[in-house]
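Chemist: turn this into a model:
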Amino acid sequence: MQIILLLGSPNSDLGVLSEMAKSRVKVCVSLYKREMGIVLTGGFGAHFNTTQRPHSFYLEEMLIKNGIPKTAILGLVESRNSVEDATLSKWIIEKFRPEEIIIVTSDYHEQRARIIFEAVYAPFSNLSFVMASSENVDPEILKPLLVHEQMAVKDLLENGVRF
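Modeler: Next up, the predicted model:
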């Protein structure tokens, strides 16, 4: 079995997925094949979701609208950040013991995600990363995200992943 782990990103205060989230969903849909499972991350946070439902709920809705069967969705993880994406989803991954875990994130987030998931998922050697393009993201939204990623990666390289 293969599991696609779709990492969350922002949605509006009305639950409308951001361009980043839509791009990740599109990649997930393109990768999905029968017999695969999907795990969705994203809970609540001032910086990405202030609605009454977890971000992963909106991802699930969009996947189902795009033809993914609800039975393929193995779990929704109410994480608040990238480290929690890894630590809180790990129990689902351990339960299913997949042959491969395909982590879907954005191109600008791949380096940080790789550092975190390789540390947290250490017993699983077959991790791959597929990146959704951020080319359609408004530059004014993307610029602070890129700065944040640089600082976060620097911190992880200097201090390790703390979980």
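
Chemist: K26: what's it in contact with?
Modeler: The contact partners of K26, by Cβ atoms under 8 Å, 6 or more residues apart in numbering, come to A132. For the C-beta atoms, the positions are set from N, CA and C on the backbone; glycine is no exception.

Chemist: now the helix or strand hosting it: buried residues?
Modeler: Secondary structure assigned from DSSP states H and E places K26 in helix 19-31. The neighbour-count check on helix 19-31 (16 or more other Cβ atoms under 10 Å) flags E19, M20, A21, K22, S23, R24, V25, V27, C28, V29 as buried.

Chemist: may I see the residues you listed arranged in a markdown table, with pLDDT and distance to T41 as well?
Modeler: Listed next are the buried residues of helix 19-31 as a markdown table, based on pLDDT from 0 to 100; distance: Cβ to Cβ, whole Å:
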| residue | pLDDT | distance to T41 |
| --- | --- | --- |
| E19 | 95 | 18 |
| M20 | 95 | 13 |
| A21 | 96 | 11 |
| K22 | 97 | 16 |
| S23 | 97 | 15 |
| R24 | 98 | 10 |
| V25 | 98 | 13 |
| V27 | 98 | 14 |
| C28 | 98 | 12 |
| V29 | 98 | 17 |
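
Chemist: including distance to E61, could the residues you listed go into JSON lines?
Modeler: Formatted as JSON lines, the buried residues of helix 19-31 follow (distance: Cβ to Cβ, whole Å):
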{"residue": "E19", "distance to E61": "17"}
{"residue": "M20", "distance to E61": "16"}
{"residue": "A21", "distance to E61": "11"}
{"residue": "K22", "distance to E61": "12"}
{"residue": "S23", "distance to E61": "16"}
{"residue": "R24", "distance to E61": "14"}
{"residue": "V25", "distance to E61": "10"}
{"residue": "V27", "distance to E61": "17"}
{"residue": "C28", "distance to E61": "13"}
{"residue": "V29", "distance to E61": "13"}
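
Chemist: closest to S56 out of those?
Modeler: A21 (10.5 Å; Cβ to Cβ).

Chemist: how close does the closest one sit to Y121?
Modeler: A21 sits 23 Å away from Y121, taking Cβ to Cβ, to the nearest Å as the criterion.

Chemist: with T105 instead?
Modeler: In this structure, T105 lies at 14 Å from Y121, with Cβ to Cβ as the measure.

Chemist: F129 too?
Modeler: Counting by Cβ to Cβ, the gap between F129 and Y121 amounts to 12 Å.

Chemist: what's the longest helix in this structure?
Modeler: For the chain, the helix with the greatest residue count under DSSP state H is helix 139-159.

Chemist: thanks again, I'm all set now.
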